[in-house]
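build me a model from this:
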Amino acid sequence: MTIDLVLGPRPEEPGPPIGGRSSYPSDVEARLAADAAVIIARYPQARSALLPLLHLTQSEDGYLTTAGITFCAHQLDLTPAEVAAVATFYSMYRRTPTGDYLIGVCTNTLCAVMGGDAILDTLETELGIHAGNTTPDGAITLEHIECNAACDYAPVIMINWEFFDNQTPSTAKHLIDQIRNGQPPAPTRGTQLCPFRQTARTLAGLSPASESPGGAPGAATLAGLRVAHELGMSAPAVPESDAR
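Numbering: from 1, shown residues only. Now for the predicted structure:
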């Protein structure tokens with residue numbers, strides 16, 4: 001008896017899930033390099049700028065391409081393998097073409113119990129695609145996502161990383177209708193919703209700060225703190241020996 005022990009992909013299988021164009025035109029490369037210089041200057045060590053540089057290249061193509069990986073490696077004196085190892089670790093970096101609006105439905109435990117699975121089913125039917133795919137017009141990419149640390153507002157949908165809280169199948173469908181009508185909905189918390197590539201540029205640190213304050217915790221998030229204050233509860237004091 002022989003045992004076929006496979007320690008890696010078979011020769012006929014695809015390699016790392018990053019493709020797309022292999023290089024940028026000279027004008028695009030020069031423009032990205034100018035933006036990269038601004039980002040890198042913010043860090044005492046250049047390689048610390050890798051995450052925002054990945055967002056920068058994602059803003060160019062809508063996902064990470066071989067060209068983007070190579071560009072980041074060249075800018076930071078890293079190997080493409082080192083850059084790809086980071087890029088494929090984080091789910092925020094897309095490996096396939098992504099629509100103008102990336103819609104993620106949380107289907108982790110609490111959101112699922114509160115109706116997340118029903119919301120995802122509704123959106124799959126409404127969009128005519130399964131989670132993980134993009135509509136034929138390239139406008140919307142749908143995915144099911146893991147916990148977004150917003151369980152106090154379950155079930156939650158994220159569109160281009162902005163929160164839409166306490167959703168139902170009908171309200172989720174309304175979000176789709178607004179996007180299709182060219183009227184992107186206002187997030188429950190956070191700043192104004194913008195297309196995916198612009199969001200990526202913002203995450204790279206290159207967009208002007210929004211005038212919307214956003215980000216303030218809501219009543220549900222602060223419920224436990226409010227009860228603690230009402231009951232006169234407080235955290236135990238830290239021993240002086242532990243505070244040193």
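
Arg95 contacts Leu64, doesn't it?
Yes: using C-beta atoms under 8 Å, Arg95 is in contact with Leu64, at 6.1 Å. In short, each C-beta sits where N, CA and C put it, glycine included.

now do the shared contacts for those two.
Counting by C-beta atoms under 8 Å, 6 or more residues apart in numbering, the shared contacts of Arg95 and Leu64 are Ile18.

who's more crowded, these two?
Neighbours were tallied for Arg95 and for Leu64 using other C-beta atoms under 10 Å; the higher tally belongs to Leu64 (27 against 17).

phi, psi for that one please.
phi -80, psi 130 (degrees, to the nearest 10).

do Gly104 as well
phi -110, psi 130.

isn't it up against Pro155?
No: Gly104 is beyond contact range of Pro155, at 11.6 Å (criterion: C-beta under 8 Å).

list the contacts of the residue nearest the centre of the chain.
What sits nearest the mean C-alpha location of the chain, by C-alpha atoms, centre = their mean, is Met92, with 3.5 Å. Neighbouring residues of Met92 by C-beta under 8 Å, 6+ apart: 161, 203.

tell me the SS of it?
coil (DSSP: H, G, I helix; E, B strand; the rest coil).

and it, how far is that from Gly62?
The gap separating Met92 from Gly62 is 13 Å, by C-beta to C-beta, to the nearest Å.

how about Met114?
Look at Met114 and Gly62: by C-beta to C-beta, they are 31 Å apart.

comparing these two, which residue is more hemmed in?
Gly62 (22 against 19).

could you check the pLDDT of the more buried one?
Per-residue pLDDT puts Gly62 at 95.

I'd guessed it sits against Pro97; true?
Yes: if you go by C-beta under 8 Å, Gly62 and Pro97 touch, sitting 5.8 Å apart.

neighbour-wise, which of Gly104 and Pro155 wins?
Neighbour tally, Gly104 and Pro155, criterion other C-beta under 10 Å: the higher count belongs to Pro155, 28 against 22.

need the contact list for that one.
105-106, 110-112, 114-116, 119, 166-168.

and with 10 Å instead?
105-108, 110-120, 164-169, 172 (C-beta atoms under 10 Å, 6 or more residues apart in numbering).

over to Asn160?
Counting by C-beta under 10 Å, 6+ apart, Asn160 touches 98-104, 141, 184, 187, 190, 193-200, 202-203.

how close does it get to His74?
28 Å.

do Thr188 as well
Per C-beta to C-beta, Thr188 is found 40 Å from His74.

same check on Thr221?
Distance of Thr221 to His74, computed by C-beta to C-beta: 42 Å.

would you mind pulling the contact partners of stretch 34-43?
29, 46-53, 55-57, 59-60, 71-72, 74-76, 201, 204-206.

output the lowest mean pLDDT helix or strand found in this structure.
Least confident helix or strand of the chain, by mean pLDDT, DSSP states H and E, is helix 240-243 with a mean of 65.

can you pull out the helices in the chain?
For the chain, applying DSSP state H gives helices covering 26-40, 50-61, 66-76, 80-87, 109-113, 116-127, 169-180, 196-203, 223-230, 240-243.

now those in a markdown table, with mean neighbour count?
Listed next are the helices of the chain as a markdown table, based on neighbours: other C-beta atoms under 10 Å:
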| stretch | mean neighbour count |
| --- | --- |
| helix 26-40 | 15 |
| helix 50-61 | 22 |
| helix 66-76 | 21 |
| helix 80-87 | 18 |
| helix 109-113 | 17 |
| helix 116-127 | 19 |
| helix 169-180 | 16 |
| helix 196-203 | 20 |
| helix 223-230 | 10 |
| helix 240-243 | 7 |
